[in-house]
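>>> quick one, what's the 3D model for this:
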Amino acid sequence: MSEVQQQVQEAIDQLVESGTERGIQVAVYRRGEQVVDAVAGVADPATGRPVASDTPFYNFSIAKGATTTVAHVLAERGLFEYDTPIVDLWQEFGAHGKHAVTVRHVLSHSAGVPGIPLDTTPEDLCDWDKMCAAIADAALWWEPGTRVGYHAYTFGYIVGEIVRRTTGNPISQVLREDVAGPLGVADELYFGMPEAEHHRLARLEDAPGAADMMSAMPDDLPMFKAGPPTLFPTAELGNRTDILAADIPAGGKTSARAIARMYAALLDEVDGVRLLSPRRLRAATAVAASGVDEVFGMPSAWGLGYAIGLPGSTAQDTPTAFGVGGAGGSFACADTASGIAFALTKNRLTADFTAATQLSQIVTGAR
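Numbers count the residues shown, from 1 in each chain. So this is what the prediction gives:
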C-alpha cells in the first residue's frame with residue numbers, strides 16, 4: 001500500500017468512525033495511473049451493505065463535469081463551436097430574446113437562464129421534453145455574458161438538448177458510447193441509471209440539521225427564484241426511483257473511481273484513451289466568466305463547464321485546478337499543473353465540502 005493510499009484510507013476511516021460520514025469513496029489518478037482507491041463505511045444503512053469501489057452514488061452536480069466533457073468531445077468533432085448561438089441548434093430556444101445565447105455562455109454559467117418554473121415537480125424533472133420546452137420559453141435574467149450565476153438545473157437540460165439536436169441521441173447514450181464506455185466505466189457513470197441497476201446504488205441520507213439550515217435562509221435569496229425548494233437536493237429527492245432513472249444531466253450517478261478516471265483522461269492518456277486534445281483542454285479550463293454569483297451570492301470563476309479551483313480554495317489560489325462539486329459535499333476535479341485527478345463521493349449530504357477539502361489536501365500534499 002502506498003503512503004498516500006494509507007493516509008487517505010486512515011482519514012476516511014476516521015470520518016466514518018466519528019459519525020461524520022456514513023459511506024465514502026476516494027479515488028486519485030496521477031499522470032494517467034490510479035494511485036488511490038479507498039472506501040469506507042456502508043452504502044445502505046438499512047442492510048449494512050458496505051461501500052465498494054464500484055458502488056455508484058447519486059452525487060447531484062458532480063456529474064456536471066461529465067455533461068461538460070461530453071460537450072467538449074462533440075465540439076472537438078466539429079458538431080458545434082463554443083460561439084455557436086443555441087438557436088442555430090435548437091430554434092425554439094430563441095424565444096423572449098434569447099437568440100444571443102451561445103454555447104460558451106451556457107458552459108460558463110453566464111447565459112442568464114438559471115431558473116426553472118417555480119411550480120416544477122419531481123415528475124416534471126423526469127420529463128425531458130417538458131423541461132426543455134419550459135427552458136426554451138424562459139426569459140433572460142441578464143444579458144448573456146455580462147454576469148455569472150449558477151444554472152443548477154438548466155445547465156444540464158440545455159447542454160443535453162444541444163447534444164440531442166446535434167447527434168440525434170440522448171446525452172446518456174452519448175456519455176456511454178463516447179466517454180464512459182471507452183474508459184471502461186459505463187456501469188459506474190450514468191445520468192439516467194436503469195432501474196434494474198438501482199440495487200447497487202448507495203442510499204443517501206441528510207446530515208443532522210440540514211433542514212434547519214435551509215429554513216434559516218432569507219426568503220429573498222435569488223436561489224429561491226431559480227427553482228422550488230422541493231427540488232433542492234435532499235436525500236428524499238435523490239433516493240426517488242424516477243429521479244434516479246431519468247436523464248437529468250445537471251446531476252448524475254457515479255463512483256469516485258469512474259469520475260476520477262474521466263478527469264484523468266482529460267489530462268493524460270488512460271489505458272490508451274485521451275478524451276480531449278491538450279489545446280482543447282486549455283480552452284475548456286481557462287476562466288471564461290467570473291464574479292459574484294447572481295443566484296448564490298458567492299464569488300465564482302468558471303471555465304467552459306468546469307469551476308476553477310480546488311475545494312476549500314479560490315480560483316486565484318489554485319488556477320490550474322478545474323472540476324465540479326455536488327450538493328452534499330462530493331467533489332471531482334483535476335489539476336493541469338500536478339497531473340492529479342481527484343474524486344470524493346459520499347452518501348451523507350452535508351452542507352459544505354469539508355471532507356473533500358481535507359482529502360484533497362492530503363493528496364496534493366503527498367504528490
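>>> OK, contacts around residue 164?
170-171 (Cβ atoms under 8 Å, 6 or more residues apart in numbering). For glycine as for every other residue, the C-beta is placed from the backbone atoms N, C-alpha and C.
>>> what ranges does the stretch 251-367 of the chain have for its strands?
For the stretch 251-367 of the chain, the strands defined by DSSP state E, counting those that start in this stretch occupy 253-254, 289-292, 299-302, 307-308, 321-326, 330-335, 340-346, 348-349.
>>> now find how far off-centre the second one is within its chain.
In other words, strand 289-292. 19 Å (Cα atoms, centre = their mean, to the nearest Å).
>>> cool, and the fourth one?
The chain centroid and the centroid of strand 307-308 are separated by 11 Å under Cα atoms, centre = their mean.
>>> could you dump the strands of the stretch 251-367 of the chain to JSON lines with mean neighbour count and mean pLDDT?
Listed next are those as JSON lines, based on neighbours: other Cβ atoms under 10 Å; pLDDT from 0 to 100:
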{"stretch": "strand 253-254", "mean neighbour count": "30", "mean pLDDT": "98"}
{"stretch": "strand 289-292", "mean neighbour count": "16", "mean pLDDT": "96"}
{"stretch": "strand 299-302", "mean neighbour count": "20", "mean pLDDT": "95"}
{"stretch": "strand 307-308", "mean neighbour count": "23", "mean pLDDT": "97"}
{"stretch": "strand 321-326", "mean neighbour count": "27", "mean pLDDT": "96"}
{"stretch": "strand 330-335", "mean neighbour count": "28", "mean pLDDT": "97"}
{"stretch": "strand 340-346", "mean neighbour count": "31", "mean pLDDT": "98"}
{"stretch": "strand 348-349", "mean neighbour count": "24", "mean pLDDT": "96"}
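>>> same list, these, but as TSV with distance to residue 88 please.
Below are those laid out as TSV (distance: least, Cβ to Cβ, whole Å):
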stretch	distance to residue 88
strand 253-254	31
strand 289-292	21
strand 299-302	22
strand 307-308	27
strand 321-326	26
strand 330-335	31
strand 340-346	33
strand 348-349	39
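>>> so which of those gets nearest residue 204?
strand 348-349 (6.0 Å; Cβ to Cβ).
>>> name the helices or strands packed onto the closest one?
strand 205-206 (3 or more Cβ pairs under 8 Å, 6 or more residues apart in numbering; DSSP states H and E).
>>> what residues does the strand it packs on touch?
Here strand 205-206 has contacts from 22, 45, 234-236, 347-349, using Cβ under 8 Å, 6+ apart.
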